[in-house]
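**Student:** how does the following fold in three dimensions:
(2 chains)
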Amino acid sequence: DGGITQSPKYLFRKEGQNVTLSCEQNLNHDAMYWYRQDPGQGLRLIYYSQIVNDFQKGDIAEGYSVSREKKESFPLTVTSAQKNPTAFYLCASSDFGGSLEAFFGQGTRLTVV
Amino acid sequence: GQQVMQIPQYQHVQEGEDFTTYCNSSTTLSNIQWYKQRPGGHPVFLIQLVKSGEVKKQKRLTFQFGEAKKNSSLHITATQTTDVGTYFCGTGSSNTGKLIFGQGTTLQVKP
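**Tutor:** Predicted coordinates for the structure are as follows:
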């Protein structure tokens, strides 16, 4: 089945630890995105990538890092510098240059204690 | 940077009543997309509008794109309990690939 996969679904970490969230897609999409969702704040863009080995900061990139070494993969690292990392993280991909319709993964709920 | 503002944040309706959510921008948009996120789920694409004044319908859902391409609306006629969820508008740039979303409108439907 074609789609976008995020893992794990739930993640717990201790404060001060870096943690990496996985995002893989087999839709052959060029563009990939990371969003953070908090109650009442919608979907806020963290990072996005239009092409392999290139990515841009979104609106709330501080405390996060990404890499795009392969077209299929766009992992997000939540670093210890992120002040309030507990949130629901959503990865998406789209056919950049096409319809721009975004396909979302199931999300990862990160809890930092 | 480009922003889209969505209102209202929450809406509670009785089953059978109509519902509308609005999306506004201070700048002209090249496109507007609408997504639905069921409780506990992830956003799912509903539709994209690109033309000034465009109106599209999907069963009980009507989507409009304003003449100035700065606002959009999603109207649901005769809501059902299956309509419960959060509706997001979003806009993407075919130049930069950036895709941003509004804050969402959460719809609750009382049976």
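**Student:** how many neighbours does A:Asn28 have?
**Tutor:** 10 (other Cβ atoms under 10 Å in any protein chain shown). C-beta here means a position set from N, CA and C on the backbone, and glycine is covered the same way.
**Student:** wait, B:Lys70
**Tutor:** 16.
**Student:** so who does it touch?
**Tutor:** B:24-29 (Cβ atoms under 8 Å, 6 or more residues apart in numbering or on different chains).
**Student:** determine which two of those residues are furthest apart.
**Tutor:** With Cβ to Cβ as the measure, no two of these lie farther apart than B:Asn24 and B:Thr28, at 12.0 Å.
**Student:** out of the two, which sits in the busier spot?
**Tutor:** With neighbours defined as other Cβ under 10 Å, B:Asn24 and B:Thr28 compare such that B:Asn24 has more, 17 against 11.
**Student:** helix/strand/coil for the spatially closest residue to B:Pro43 that is not a sequence neighbour?
**Tutor:** Among residues not flanking B:Pro43 along the chain, B:Tyr35 sits closest, at 4.0 Å (Cβ to Cβ, 6 or more residues apart in numbering or on different chains). What DSSP: H, G, I helix; E, B strand; the rest coil gives for B:Tyr35 is strand.
**Student:** looks like B:Tyr35 contacts B:Phe45 (just checking).
**Tutor:** Yes: between B:Tyr35 and B:Phe45 a contact is recorded at 5.6 Å, counting by Cβ atoms under 8 Å.
**Student:** identify the contacts common to the two.
**Tutor:** With Cβ under 8 Å, 6+ apart as the test, B:Tyr35 and B:Phe45 both reach A:Ala102.
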